[in-house]
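Enquirer: output the structure for:
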Amino acid sequence: MRDFSWKYFAMTGDVDAYLLYKLATDNENTAEQAAAAEEMNVDEEAD
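Expert: Next up is the predicted model:
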């Protein structure tokens, strides 16, 4: 979805497509941060 919205934005300049791209990117980063934090918590509990 992220790649499609970026390509659509690049071709059309549609602001809504950019906002969709930004939302998808932010959600991806948030999910990665949550996974990393969860992994750290599991590691700390194992010690």
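
Enquirer: per-residue pLDDT, Glu39?
Expert: pLDDT, Glu39: 83.

Enquirer: the helix or strand containing it: which residues count as buried?
Expert: Using DSSP states H and E, the element containing Glu39 is helix 15-46. Residues 17-18, 20-21, 24 are the ones in helix 15-46 that count as buried (16 or more other CB atoms under 10 Å). (Glycine included, C-beta is placed from N, CA and C.)

Enquirer: list the contacts of the residue nearest to the spatial centre of the chain.
Expert: Geometric centre of the chain, nearest residue: Glu28, 1.9 Å, by CA atoms, centre = their mean. Neighbouring residues of Glu28 by CB atoms under 8 Å, 6 or more residues apart in numbering: Arg2.

Enquirer: for Gly13, see how far away it is.
Expert: 23 Å (CB to CB, to the nearest Å).

Enquirer: next one: Leu19
Expert: Distance of Leu19 to Gly13, given as CB to CB: 13 Å.

Enquirer: same deal with Asp3?
Expert: Applying CB to CB to Asp3 and Gly13 gives a distance of 17 Å.
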